[in-house]
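# mind looking at a prediction? Sequence and model below.
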Amino acid sequence: MQLVRFPRRRYTPDFTPLERLPRLTDALGGPEIWIKRDDLLGLAAGGNKTRKLEFLVADALAQGADTLITVGAPQSNHCRLTLAAAAKEGLKCRLVLEQRVAGSYKPDATGNNFLYNLLGAEKISVVNAGDDLNAAMQAHAAELEAAGRKGYIIPGGGSNPLGALGYVACAHEIVAQSFEQGISFDRIIVASGSCGTHSGLLVGAKSVHFDAPITGINVRRPRTEQEGNLLKLARETAALIEIAAPEAKDVTALDEWVGPGYSIPTDEMIEAVRALARLEGVLLDPVYSGKAMAGLIGLARRGELKRGERVLFVHTGGSPALYAYQNVLQS
Ligand SMILES: *Cc1c(COP(=O)(O)O)cnc(C)c1O
């Protein structure tokens with residue numbers, strides 16, 4: 001396995017910080033909590049999609065594309081970062097927005113939605129949950145082709161095997177940093193959505209025999225369905241880099257913190273977002289990292305994270321979405 005064989009653009013100059021969270025650790029009174037600051041990755045306001053885009057955009061450029069086409073929810077961090085990567089590379093970018101919650105797209109909404117406009121989206125089309133997202137992206141590609149241009153389609157969340165390589169690389173980064181800093185982790189906790197982040201971490205950890213469990217906290221799907229999706233993408237990603245795939249027993253994605261549905265606020269999310277802001281000065285987001293941190297806090301309270309257990313929370317970013325949830329989060 002040599003990741004270096006895959007073309008990659010670099011959007012972050014260095015490793016993201018690995019920090020201890022002393023005040024959250026004290027407040028939880030048991031496990032020792034650390035954070036991997038992937039909210040500080042490069043491109044506009046950072047977040048996990050930046051790592052995936054390093055590989056995906058390199059592939060788009062290799063194929064001679066002039067326009068990136070992708071899909072996401074109305075407050076999608078992935079769409080924001082794809083637009084930012086396009087701007088940096090001198091490409092155009094088109095979006096398909098999926099209203100996972102009926103009527104949730106408002107052209108004049110704040111948060112990421114406002115940034116779509118600021119970052120210069122060339123065209124936005126809106127579809128409803130259950131519609132064929134791929135067909136909607138293909139329609140953009142066909143329109144471009146008719147005009148003598150060339151689109152490159154990036155799946156939702158950048159979650160295909162090539163995108164997941166970004167988190168294979170992140171797992172290697174965590175292992176290198178933990179060695180350098182002399183800290184061994186007993187568990188990793190991460191938000192689990194379109195699977196590229198969690199599957200990539202599983203594959204990357206496996207590739208270097210890093211054996212701490214990686215616990216996903218779901219933001220959308222029921223546990224069994226999510227674990228099936230994760231295993232499938234992990235197998236495809238492992239095949240791409242020609243290593244043995246993670247096994248079903250290594251895949252855990254808990255669904256107790258999804259609440260009523262994707263992007264719908266929960267009391268636990270609100271508590272977690274406020275706690276990290278007020279104890280550590282760290283901004284989470286309402287849709288992903290807030291619910292994932294709610295899961296970490298919940299597991300600690302239940303005694304499932306043992307006293308002294310060293311837990312690494314991977315902060316996947318998303319803070320621009322906070323502004324679209326001011327009415328829920330302001331106290
Ligand atoms: C997309 C996203 C996730 C989920 O990552 P996946 O790779 O889609 O599972 C987590 N946090 C934030 C902030 C995101 O934007």
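The structure has been received and is ready for your questions.
# output the strand or helix carrying residue 84 as CSV, restricted to C-alpha atoms.
In this assignment (DSSP states H and E), residue 84 forms part of helix 77-89. Extracted C-alpha coordinates of helix 77-89, given in CSV (Å, rounded to 0.1, in the frame of the first residue of the first chain):
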residue,chain,number,x,y,z
ASN,A,77,-20.5,21.6,4.6
HIS,A,78,-19.5,19.3,1.8
CYS,A,79,-21.0,21.7,-0.8
ARG,A,80,-19.3,24.7,0.8
LEU,A,81,-15.9,23.0,0.7
THR,A,82,-16.3,21.7,-2.8
LEU,A,83,-17.1,25.3,-3.9
ALA,A,84,-14.0,26.5,-2.1
ALA,A,85,-11.8,23.9,-3.7
ALA,A,86,-13.2,24.8,-7.1
ALA,A,87,-12.5,28.5,-6.6
LYS,A,88,-8.9,27.7,-5.6
GLU,A,89,-8.4,25.5,-8.6
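# so which residues make contact with that helix?
Applying CB atoms under 8 Å, 6 or more residues apart in numbering, the external contacts of helix 77-89 come out as 9, 11, 43-50, 53, 57, 61, 67-68, 70-72, 91-93, 95, 97, 112, 115-116, 119-121, 154, 156-158, 285, 288, 317-318, 320-321. (Each C-beta comes from the backbone N, C-alpha and C, glycine too.)
# go again using 6 Å as the cut-off
Outside helix 77-89, the residues that touch it by CB atoms under 6 Å, 6 or more residues apart in numbering are 43-44, 47, 49-50, 53, 57, 68, 70, 72, 93, 95, 112, 115, 119, 121, 157, 318.
# hmm, it touching the ligand?
Yes - residues of helix 77-89 contacting the ligand under CB under 6 Å from any ligand atom: 77-78.
# run the chain-centre distance for that helix.
Computed by CA atoms, centre = their mean, to the nearest Å, the chain-centroid distance of helix 77-89 equals 14 Å.
# show me what from the stretch 201-331 of the chain comes close to the ligand.
Contacts of the stretch 201-331 of the chain with the ligand, taken as CB under 6 Å from any ligand atom, map to 285, 288-289, 316-318.
# neighbour-wise, which one of the residues you listed leads?
Using other CB atoms under 10 Å as the neighbour definition, those reach their maximum at residue 289, which records 34 neighbours.
# tell me the phi and psi of residue 44?
Geometry field for residue 44 lists phi and psi as phi -60, psi 110, criterion degrees, to the nearest 10.
# would you quantify the distance from it to the ligand?
13 Å (CB to the nearest ligand atom, to the nearest Å).
# so who does that residue touch?
Each residue near residue 44 by CB under 6 Å, 6+ apart is listed here: residue 84.
# again with residue 75
Contacts for residue 75 were tallied using CB under 6 Å, 6+ apart; they are 111-112, 321, 324.
# who's in contact with the residue positioned nearest the centre of the chain?
Residue closest to the mean C-alpha point of the chain, counted by CA atoms, centre = their mean, is residue 48 at 4.3 Å. Residue 48 is in contact with 38, 197, 316-317, counting by CB under 6 Å, 6+ apart.
# look up phi and psi at it.
Taking degrees, to the nearest 10, you get phi -60, psi -30 for the backbone angles of residue 48.
# that one - nearest residue in space that isn't next to it in sequence?
residue 316 (4.0 Å; CB to CB, 6 or more residues apart in numbering).
# can you read off the backbone torsions of the one you found?
Comment: the main-chain dihedrals of residue 316 come out as phi -90, psi 0, following degrees, to the nearest 10.
# likewise for residue 182?
Residue 182 adopts backbone torsions of phi 70, psi 30, taken as degrees, to the nearest 10.
# what of the one 4 residues further on?
Summarising the backbone geometry of residue 186 under the convention degrees, to the nearest 10, its torsions are phi -90, psi -20.
# quick check, it in contact with residue 312.
No - with contact defined as CB atoms under 6 Å, residue 186 does not reach residue 312; the gap is 8.8 Å.
# what's the burial count for the closest residue to residue 277 other than its chain neighbours?
Leaving aside its chain neighbours, residue 277 sits nearest to residue 283 (6.2 Å; criterion: CB to CB, 6+ apart). For residue 283, the number of neighbouring residues by other CB under 10 Å comes to 17.
# residue 283 contacts residue 319, correct?
Yes - taking CB under 6 Å as the definition, residue 283 is a contact partner of residue 319 at 4.1 Å.
# shared neighbours of the two, anything?
Between them, residue 283 and residue 319 share no neighbouring residue, with contact defined by CB under 6 Å, 6+ apart.
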